[in-house]
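J.: the sequence and its predicted three-dimensional model are supplied below.
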Amino acid sequence: MNKYYIYKKVSDFKFMAKAIIVIITALILIFTASHIVSSKQNSSKTFETTNIIYKSVYINNDDTLWSIADKYYTDEFGSVRDYVNEIKRCNSLSSNTIYAGRYIVVPVYINPLY
């Protein structure tokens, strides 16, 4: 084997190693950027709080989070699912279970008087 052939193999290996490092770095940057963008999009679901009041709602025997959400839902909350999640967040609920005879807090948008 001549000296040039061995040098070419070593230089090819170095080139491939550098190329792999560049590709991995690019993938990490793309993943990080997409994660940042998606987290900003998720945080955009926060609600405008200037026109929100919080009502205390008594829970009857046949009430569910979804039935209560249907009564107080308005388009400002996005979807009914988003509204149910907001009710759960306001009441520190980790599940959809609510109990009759108790009260929960429900956010409600009001129309400004101007």
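T.: Sure, I can see it.
J.: drop to CA atoms for contacts and neighbour counts, all remaining ones
T.: Fine.
J.: and the pLDDT for Y99?
T.: Y99 is assigned a pLDDT of 93 by the prediction.
J.: just the one 5 residues further on next, same as before
T.: Turning to I104, the model gives it a pLDDT of 94.
J.: F77 now?
T.: pLDDT at F77 comes out at 87.
J.: ok, Y72 next?
T.: pLDDT at Y72 comes out at 93.
J.: I'd like the distance between it and A100.
T.: 18 Å (CA to CA, to the nearest Å).
J.: check F13 too.
T.: From F13 over to A100 (counting by CA to CA), the distance is 71 Å.
J.: quick check: which ranges of this structure have low pLDDT?
T.: Low-confidence segments of the chain, defined by pLDDT under 70, span residues 1-11, 39-50, 112-114.
J.: in a helix, Y54, correct?
T.: No. Counting by DSSP: H, G, I helix; E, B strand; the rest coil, Y54 is not part of a helix but strand.
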